[in-house]
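In: just the structure for this:
(one chain, ligands or ions: 2)
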Amino acid sequence: MLTQDLKEAWFQFLDFVQDKCSATEFENWFAPIKVLEGTNGELTLQVPNIFVQQYLIDNYRKDLRSFLPERSDGSLSLRFSIADEPPPNPPALPQSSLPQTPSLNDGVKLNHAYTFPHFIEGPANQFVKSAALGVAMRPGKSYNPLFIHGGVGLGKTHLLHAIGHYVMEHHKKLKIQYISTEGFINDLVSSLRNKSSAKLKQFYRCLDVLLIDDIQFLQNRLNFEEEFCHTFEALIQQSKQVIVTSDKPPGQLKLSERMIARMEWGLVAHIDIPDFETRVAILQHKASLKGIRLPHKVAYFIAEHIFNNVRQLEGALNRLSAYCQLMGKEISDEVMASSLGEWVQTRPSKRISVEAILKSVATLFEVKESDLRSPKRTKKIAFPRQVAMYLAKELVSDSLMKIAQSFGGKTHSTLLHSWKKIAHQVEKDEKLKRQIEMARRDIEK
Ligand code: ADP
Ligand code: MG
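Out: Ligands and ions are numbered 1, 2, ... in the order given. Below is the predicted model:
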């Protein structure tokens with residue numbers, strides 16, 4: 001076949017597929033293919049990545065045969081070249097004249113400090129860290145998606161970045177993207193404005209690893225939720241790794257059932273509040289990174305008083321070191337008291353409602369507020385309800401009868417019983433003590 005005929009044959013093939021497939025499919029898979037040359041009876045196509053090539057061959061081999069000639073061995077006279085692939089054996093150039101070749105993941109912005117080695121492990125985050133490392137080592141081949149959820153400042157973003165760093169270092173050919181959910185939405189909005197949404201969709205769908213932070217921001221954004229769901233499905237179906245973080249487990253997100261089901265497809269891992277030892281270890285680690293000498297006693301003091309948010313632990317450390325620098329003093333227990341005083345003070349009391357307690361306890365134990373008020377007696381519900389009752393008796397100044405009624409019409413003896421049970425348990429259960437302290441702070445804030 002002549003060169004012109006070969007190219008013509010390709011365009012005829014494109015006309016044929018355009019009638020056959022959806023506009024989106026065409027935009028995603030065929031529009032980015034360029035004809036490079038048609039010589040020696042062979043057509044060379046430039047594809048943006050190996051997936052486009054694979055897609056074409058897997059899905060259209062038979063049709064291609066009707067349009068393009070075959071080689072003597074029966075294979076198609078078709079060659080592929082991947083766009084931006086470095087030429088084989090590039091000629092050696094003097095260092096200074098080497099052009100800066102953008103690497104695959106140049107645009108990915110990750111915090112250099114958020115790596116696995118800088119993530120301190122403890123019982124509360126061991127499982128989630130192993131899961132994160134697992135997907136980083138074998139993207140798309142273990143849990144997909146990996147859904148990480150937990151409260152603020154507990155290291156979700158840190159782990160997401162750590163996966164990104166690891167993949168970039170160990171799987172150099174994989175294309176990754178880290179984006180906050182808000183960033184994803186903003187991208188979509190501006191691409192719609194510039195009429196370049198097909199390009200954007202194609203960009204996302206060609207990724208090997210997609211790291212999405214704070215998926216809770218997708219709640220109540222119906223149009224974007226649908227687009228995200230398509231992207232998500234497209235990636236998972238091609239065994240591309242997706243990792244999502246959220247402040248709640250999938251079932252508590254106000255998203256469509258379909259979206260929630262997708263999030264639960266793979267592994268859902270919870271990141272909990274680090275225990276005391278881990279908090280001390282984190283403080284020591286952060287201090288050494290900043291070149292600060294932190295006496296044990298001071299680390300213990302901070303870790304004891306700030307327990308539900310690692311970001312705040314770091315904040316206390318920064319504040320302490322800034323104070324010492326300004327005052328020209330070494331970090332010690334005396335300066336600690338004056339610089340951190342207000343962080344650890346209890347706040348003046350205010351009028352507290354049962355509603356506020358229910359809200360806080362529901363979030364803490366990941367249950368629905370309405371369940372706490374319902375007659376349900378499953379352990380998952382009954383225990384948080386008892387905690388809420390305990391807190392209500394401690395913090396609300398109404399009569400016991402009135403408080404009990406706010407729990408869906410319970411009696412005051414139920415309330416007292418719950419209060420006694422939790423008061424007793426809290427004495428010996430460190431975790432429960434922390435949880436209650438956390439709820440109390442949240443309620444009083
Ligand atoms: P989240 O995304 O869950 O709100 P981040 O990932 O932003 O929390 O973490 C807040 C800060 O706490 C970051 O500076 C992070 O490095 C630090 N951090 C959280 N958990 C750990 C940990 N286990 N080890 C070391 N640093 C941690
Ligand atoms: Mg975060």
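In: in stretch 385-403, what counts as buried?
Out: Neighbour-count burial for stretch 385-403 flags 385-393, 395-396, 400, 403 (criterion: 16 or more other CB atoms under 10 Å). C-betas here are computed from N, CA, C, even on glycine.
In: filter these down to the ones in strands?
Out: The members of the buried residues of stretch 385-403 all map outside strands under DSSP state E.
In: closest to ligand 1 among those residues?
Out: For those, the closest approach to ligand 1 (CB to the nearest ligand atom) belongs to Val387, at 23.2 Å.
In: contact residues of the chain facing ligand 1?
Out: 114, 118-120, 125, 152-158, 282, 310-311, 314 (CB under 6 Å from any ligand atom).
In: circling back to that earlier point, could the buried residues of stretch 385-403 be laid out in a markdown table, adding pLDDT?
Out: Shown next, in a markdown table, are the buried residues of stretch 385-403 (pLDDT from 0 to 100):
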| residue | pLDDT |
| --- | --- |
| Arg385 | 96 |
| Gln386 | 95 |
| Val387 | 96 |
| Ala388 | 96 |
| Met389 | 95 |
| Tyr390 | 94 |
| Leu391 | 94 |
| Ala392 | 92 |
| Lys393 | 88 |
| Leu395 | 86 |
| Val396 | 84 |
| Leu400 | 80 |
| Ile403 | 88 |
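In: in helices, which of the residues you listed fall?
Out: Of these, the ones assigned to helices by DSSP state H are 385-393, 395, 400, 403.
In: tell me the phi and psi of whichever residue of the stretch 1-150 of the chain sits closest to ligand 1?
Out: Here the stretch 1-150 of the chain gets closest to ligand 1 at one residue, Ile120, 3.7 Å apart by CB to the nearest ligand atom. Here is the backbone geometry of Ile120 (degrees, to the nearest 10): phi -80, psi 130.
In: give me the below-cutoff pLDDT ranges for the stretch 101-250 of the chain.
Out: When residues are selected by pLDDT under 70, those of the stretch 101-250 of the chain lie in 101-103.
In: ok, and the closest non-adjacent residue to the residue in the chain positioned nearest to ligand 2?
Out: Taking CB to the ion, ligand 2 has its nearest neighbour within the chain at Thr157, 3.3 Å off. The spatial neighbour of Thr157 that comes closest, neighbours along the chain excluded (CB to CB, 6 or more residues apart in numbering), is Asp213 at 5.7 Å.
In: beta partners for the one you found?
Out: Ser180 (DSSP bridges).
In: hmm, it is touching His158, no?
Out: No: Asp213 lies out of contact with His158 (CB atoms under 8 Å); the separation is 10.6 Å.
In: the residue of the stretch 51-200 of the chain at minimum distance from ligand 1: neighbour count?
Out: Closest contact between the stretch 51-200 of the chain and ligand 1, by CB to the nearest ligand atom, is at Gly155 (2.7 Å). The tally of other residues near Gly155 (other CB atoms under 10 Å) stands at 24.
In: try the one 3 residues further on
Out: Under the neighbour criterion other CB under 10 Å, His158 is assigned a count of 23.
In: which residues sit in contact with it?
Out: 111, 114, 118-119 (CB atoms under 8 Å, 6 or more residues apart in numbering).
In: please pick the buried ones from these.
Out: 114, 118-119.
In: can you tell me which of the residues you listed comes closest to Leu320?
Out: Checking the buried ones among the contacts of His158 against Leu320 with CB to CB, the nearest one is His118 at 20.0 Å.
In: show the contacting residues for the closest one.
Out: 158, 162, 285, 289.
In: how about the third one: what's its closest non-neighbour residue?
Out: Looking back up the chat, that one is His285. Ile120 (5.5 Å).
In: contacting residues for that neighbour?
Out: 274, 278, 281-282, 285.
In: what count of nearby residues applies to Gly134?
Out: Neighbours around Gly134, by other CB under 10 Å: 16.
In: going along the chain, name the strands of the protein.
Out: Using DSSP E, strands in the chain cover 34-39, 42-47, 78-82, 146-149, 176-180, 209-213, 241-246, 267-270.
In: quick one: name the residues of the stretch 51-200 of the chain near ligand 2.
Out: Proximity of the stretch 51-200 of the chain to ligand 2 is confined to 156-157 under the rule CB under 5 Å from the ion.
In: and the residues of the chain next to ligand 1, which two are furthest apart?
Out: Checking these with CB to CB, the most distant pair is His118 and Val152, at 19.0 Å.
In: now the closest residue to ligand 1 within the stretch 301-445 of the chain. Nearest residue, chain neighbours left out?
Out: Going by CB to the nearest ligand atom, ligand 1 is nearest to Val310 of the stretch 301-445 of the chain, at 3.5 Å. Computed as CB to CB, 6+ apart, the closest residue to Val310 that is not its neighbour in sequence is Gly153, at 5.2 Å.
In: now do the contacts for the one you found.
Out: 309-312.
In: mind putting those residues into a markdown table with neighbour count, pLDDT and distance to Val189?
Out: What follows is the contacts of Gly153, written out as a markdown table (neighbours: other CB atoms under 10 Å; pLDDT from 0 to 100; distance: CB to CB, whole Å):
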| residue | neighbour count | pLDDT | distance to Val189 |
| --- | --- | --- | --- |
| Asn309 | 16 | 90 | 31 |
| Val310 | 24 | 95 | 32 |
| Arg311 | 14 | 93 | 29 |
| Gln312 | 16 | 90 | 33 |
